[in-house]
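[1] just a sequence and a predicted model for now, questions to come.
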Amino acid sequence: SQTIHQWPATLVQPVGSPLSLECTVEGTSNPNLYWYRQAAGRGLQLLFYSVGIGQISSEVPQNLSASRPQDRQFILSSKKLLLSDSGFYLCAWQSPGAHQETQYFGPGTRLLVL
Amino acid sequence: AQSVTQLGSHVSVSEGALVLLRCNYSSSVPPYLFWYVQYPNQGLQLLLKYTTGATLVKGINGFEAEFKKSETSFHLTKPSAHMSDAAEYFCAVRSYGNKLVFGAGTILRVKS
């Protein structure tokens, strides 16, 4: 069966520090991968998605970047964190191809920027 | 463009009462619709989904939803609320490129 992992679970970082959040998926090949940010009362905002190694699409201009160095690894990064980067970050995977519409979510990373 | 509106950011019901969480969507293509549940500090778990076929969809934990094209709605119901149903619920619609567009969420509170 497929599983998705995120780490760390919780992170407290000072403003201006770098960030690296990791997401890995097991039990599937060539998944579509997604990074979302969840802010209180605002639902989920899609940040990045990837359909393959090295292929990243950005949904909104921001202080963050994403990379996919391996088939089942998706990394969210920042060179200098802002206060507004605080939130709950969720990674999701989806089987590739048509009619594979369901996204499955990881446990999330709570980021607090102080 | 696809969009989702969830009516009521907070819903409160008594244990044993009917749960009704409202979702209206806008889609330029035949919609695929989803309900997810999120417990505090956890990821989202799929409750149910509608793609094609039967418009009444049954999901996990006794929840069901009915797709009504004429009303552009996909409301989530459960006949009898349980304390363990307290969580945040998200409605979503498939967008182009296999992406999902989510509503703002509805927090369900269950009173004993």
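    Thanks, I have the structure now. Nothing here was measured: the structure is a model prediction, and the numbers come from that model. Numbering: from 1, shown residues only, chains lettered A, B, ... in the order given.
[2] just give the number of residues close to residue 61.
    Reading this off chain A. Neighbourhood size, residue A:61 [other CB atoms under 10 Å in any protein chain shown]: 6. Glycine gets a C-beta too; all of them are placed from N, C-alpha and C.
[3] you looked at the wrong chain, it should be chain B
    Count around residue B:61 with other CB under 10 Å applied: 13.
[4] up against chain B, what does chain A have?
    A:6, A:32, A:34, A:41-44, A:46, A:49, A:57, A:88, A:90, A:92, A:94, A:99-108, A:110 (CB under 8 Å from any CB of the partner chain).
[5] drop anything exposed from the residues you listed.
    Neighbour counting over these (16 or more other CB atoms under 10 Å in any protein chain shown) leaves A:6, A:32, A:34, A:43-44, A:46, A:49, A:88, A:90, A:92, A:94, A:101-106, A:108 as the buried ones.
[6] who in chain B is up against chain A?
    B:9, B:32, B:34, B:36, B:41-46, B:49, B:51, B:90, B:94, B:97-100, B:102-105.
[7] pretty sure residue B:80 is in a helix, no?
    No. Applying DSSP: H, G, I helix; E, B strand; the rest coil, one finds residue B:80 to be coil, outside a helix.
[8] now the spatially closest residue to it that is not a sequence neighbour: how far from residue B:81?
    Spatial nearest neighbour of residue B:80, excluding adjacent residues (CB to CB, 6 or more residues apart in numbering or on different chains): residue B:16 at 5.2 Å. Per CB to CB, to the nearest Å, residue B:16 is found 6 Å from residue B:81.
[9] the two: which has the busier surroundings?
    With neighbours defined as other CB under 10 Å, residue B:16 and residue B:81 compare such that residue B:81 has more, 22 against 11.
[10] tell me what the helix or strand of chain B with the lowest mean pLDDT is packed against?
    Ranking every helix and strand in chain B by mean pLDDT, DSSP states H and E puts strand B:100-102 at the bottom, with a mean of 92. In this structure, strand B:100-102 makes packing contacts with strand B:3-7, strand B:87-94, judged by 3 or more CB pairs under 8 Å, 6 or more residues apart in numbering or on different chains; DSSP states H and E.
[11] and those, which is most packed in?
    Most buried of the helices and strands packed on strand B:100-102, by mean neighbour count (mean count of other CB atoms under 10 Å in any protein chain shown): strand B:87-94, with a mean of 24.
[12] for that one, which strands pair with it and how are they oriented?
    Using DSSP bridges, strand B:87-94 pairs in its sheet with strand B:33-38 (antiparallel), strand B:100-102 (antiparallel), strand B:106-111 (antiparallel).
[13] so how far is chain B from the most centrally placed residue in chain A?
    Centroid-nearest residue in chain A, with CA atoms, centre = their mean: residue A:35, separated by 2.9 Å. Relative to chain B, residue A:35 is positioned 12 Å away (criterion: CB to the nearest CB, to the nearest Å).
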